[in-house]
Structures are given as C-alpha cells and as structure tokens.
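>>> Fold the following and give me the result.
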Amino acid sequence: MIEFMHGSDRDVLGVRATGKLSTADYHDVLAPRVEKLLNRFGVLKVLFLLDEPFRGWTLGAAWANTVFDLKHRRDFAKVAVVGAPRWERYCVNVAAVVMSGELRSYDRDQLAPAWLWLRT
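The predicted structure follows:
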C-alpha cells in the first residue's frame with residue numbers, strides 16, 4: 001500500500017510503502033499524484049519510506065516501478081529511500097545510474113535527516 005506522508009509540501013513528496021506493492025499502487029495512487037505535482041513544479045524531491053511491514057512488490061508492480069523510474073528519470077532532483085533492506089539498497093544504486101538527480105539511502109532511524117537533506 002502507498003500512502004502520502006505528513007511533511008510533504010510543495011515540491012517535496014513523502015511516500016510511505018507498506019505490505020506488498022501492487023500495480024494499482026503505482027497506476028492509481030502514485031503516478032497521478034506525481035504527475036499532478038510535476039505539472040505544478042516541474043521537478044520534485046521525493047522521500048520513499050519502506051516501512052514495516054514492507055514485503056516488496058508483485059511482479060507487475062516491480063515492472064511498473066521500473067517503467068515509472070525510467071519515465072521520470074529527469075523529474076526528481078533528489079530521492080531519499082528510507083528503511084530499505086540491503087537488497088533494495090543495491091536496486092537504489094542501480095537506479096542512480098539512470099536518474100539525473102541525487103539518490104541516497106537512509107536507515108529507518110534516519111527519517112529526520114532524510115527529510116532535512118531533501119529540503120536543503
């Protein structure tokens with residue numbers, strides 16, 4: 001499930017992911033919000049909190065995530081991924097190669113520093 005976090009403001013978007021993400025999470029929840037904000041601000045700063053009990057993606061959601069990342073590779077000035085397990089951090093490093101903005105990973109207990117980095 002995807003929820004939008006308190007602390008999101010203007011061009012800074014906080015996204016909390018729990019459970020196992022589905023294709024609908026991307027197409028029906030995340031994509032419309034991102035498109036709306038991109039139309040308004042042009043470029044975004046995004047925090048992804050992979051919160052307990054985050055269990056990954058369905059196969060369709062993993063593909064939707066890949067397509068989403070490629071489509072928006074120039075639309076994010078900064079991306080902070082918080083609470084990612086070790087295997088997900090490798091995925092973040094791979095995504096950093098194609099993204100034009102900065103990507104950083106943070107441990108779950110570093111949520112406040114992640115928000116601060118996005119806003120500076």
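
>>> shouldn't His27 be in contact with Asn65?
No - between His27 and Asn65 there is no contact under Cβ atoms under 8 Å: 11.1 Å. For glycine as for every other residue, the C-beta is placed from the backbone atoms N, C-alpha and C.

>>> Which one's more surrounded, these two?
Asn65 (18 against 14; other Cβ atoms under 10 Å).

>>> so what secondary structure elements neighbour the strand ranked longest in the chain?
Ranked by residue count under DSSP state E, the longest strand found in the chain is strand 44-57. Judged by 3 or more Cβ pairs under 8 Å, 6 or more residues apart in numbering; DSSP states H and E, strand 44-57 is in contact with strand 12-21, helix 31-41, strand 76-82, helix 111-119.

>>> Tell me which of these approaches Pro53 most closely.
Pro53 sits nearest to strand 12-21 of all these, at 6.4 Å, using Cβ to Cβ.

>>> As CSV, could you dump the C-alpha coordinates of the closest one?
Only the C-alpha atoms of strand 12-21 are listed here, as CSV (Å, rounded to 0.1, in the frame of the first residue of the first chain):
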residue,chain,number,x,y,z
VAL,A,12,8.7,17.7,-1.6
LEU,A,13,6.7,14.5,-1.6
GLY,A,14,6.8,11.8,1.1
VAL,A,15,5.7,8.3,0.2
ARG,A,16,5.2,5.5,2.7
ALA,A,17,5.1,2.0,1.4
THR,A,18,3.9,-0.9,3.4
GLY,A,19,2.9,-4.5,2.7
LYS,A,20,3.4,-5.8,-0.8
LEU,A,21,3.1,-3.2,-3.5
